[in-house]
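A.B. asks: mind looking at a prediction? Sequence and model below.
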Amino acid sequence: MTLYEITIPNIEDCLYLLPISDLHIGSQGFNQEKLAGYLDWVKEHPNSRFILLGDMFNCVTKGSVRNVYDEKMHLPESRKLFYEIFTPFKKFCLGWIDGNHEEAVYRETGDFVGEVVCDRLGWQYYGIDAYVKLRFGKRENNRKPVVYTLYATHGWGAGRKTGTALDKVEELRLICLADIYLASHHHKITVSQNICFIPDLRNNKLVETKLTYVAAGTFKENGRWEGSKGFKPVKLGSPRIRLDAVRKDVHVSI
């Protein structure tokens, strides 16, 4: 696991972080208009950033469980559309994490779709997961930057219930300690928080720390495959994570 440090200048009040996931560009259900609304909101708020959590492309192959003939467009066309959508907003992106659909392309062709995109747009390509240290703002007491850590991955496994999606995110704390855990894959937006006591051995005390777990959503409407499996419709979009720039505090809006 690699630690990536990102310093964001000119953040005074707060930083908004949007985990954008599961666009499935190329599928019949990709809702481009919904995504455009979120990206316009980001552009209107210079203190906003987003991180991409995988399944940006549907990229169904003949070896996939889904029907390759149901695709609206295949990968070359999907990638062209992705560039058209995201190039105007490329300065707001903190990086790319692969999803299981990108992994499927890698298994069949050996190509890393996300790495190609990141090379063109100048983004950080994380691969399958990322541990990120964010520094921005100024603390009231010492004027030093406020620091947050986050661990992000696409997610895994099946499950119909919202609780299943959240359980998978909460399990990430068994991998590493972070302020914020991000995952997606299940297409359900949900959030939880809890308190963890971390030992400060130098000062012989326990430090109360809030941990935040966020399951990101999707911009893909249910289609033929979801209907055949009995999946209920989901709320499209992304949660908005507010990170205070004066004192360490996390709030999530869904």
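C.D. replies: Happy to help now that I have it. Numbering: from 1, shown residues only.
A.B. asks: residues near the closest residue to Leu243 other than its chain neighbours, how many?
C.D. replies: Distances taken as Cβ to Cβ, 6 or more residues apart in numbering place Leu15 nearest to Leu243, at 4.5 Å, with adjacent residues excluded. Backbone N, C-alpha and C define where each C-beta goes, glycine included. Using other Cβ atoms under 10 Å, Leu15 is surrounded by 21 other residues.
A.B. asks: can you list the strands that the host helix or strand of Leu15 pairs with?
C.D. replies: Element membership for Leu15, per DSSP states H and E: strand 14-20. When pairs are called by DSSP bridges, strand 14-20 turns out to pair with strand 48-52 (parallel), strand 240-244 (antiparallel).
A.B. asks: ranking these by burial, who's on top?
C.D. replies: strand 48-52 (a mean of 24; mean count of other Cβ atoms under 10 Å).
A.B. asks: tell me the helix or strand right after it.
C.D. replies: Counting by DSSP H and E, what follows strand 48-52 is helix 75-86.
A.B. asks: and that next one, what does it pack against?
C.D. replies: Where contact means 3 or more Cβ pairs under 8 Å, 6 or more residues apart in numbering; DSSP states H and E, helix 75-86 is packed against helix 32-44, helix 113-121.
A.B. asks: follow-up on the earlier one: any chance of the strands paired with strand 14-20 in TSV, plus distance to Leu81?
C.D. replies: Shown next, in TSV, are the strands paired with strand 14-20 (distance: least, Cβ to Cβ, whole Å):
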stretch	distance to Leu81
strand 48-52	15
strand 240-244	25
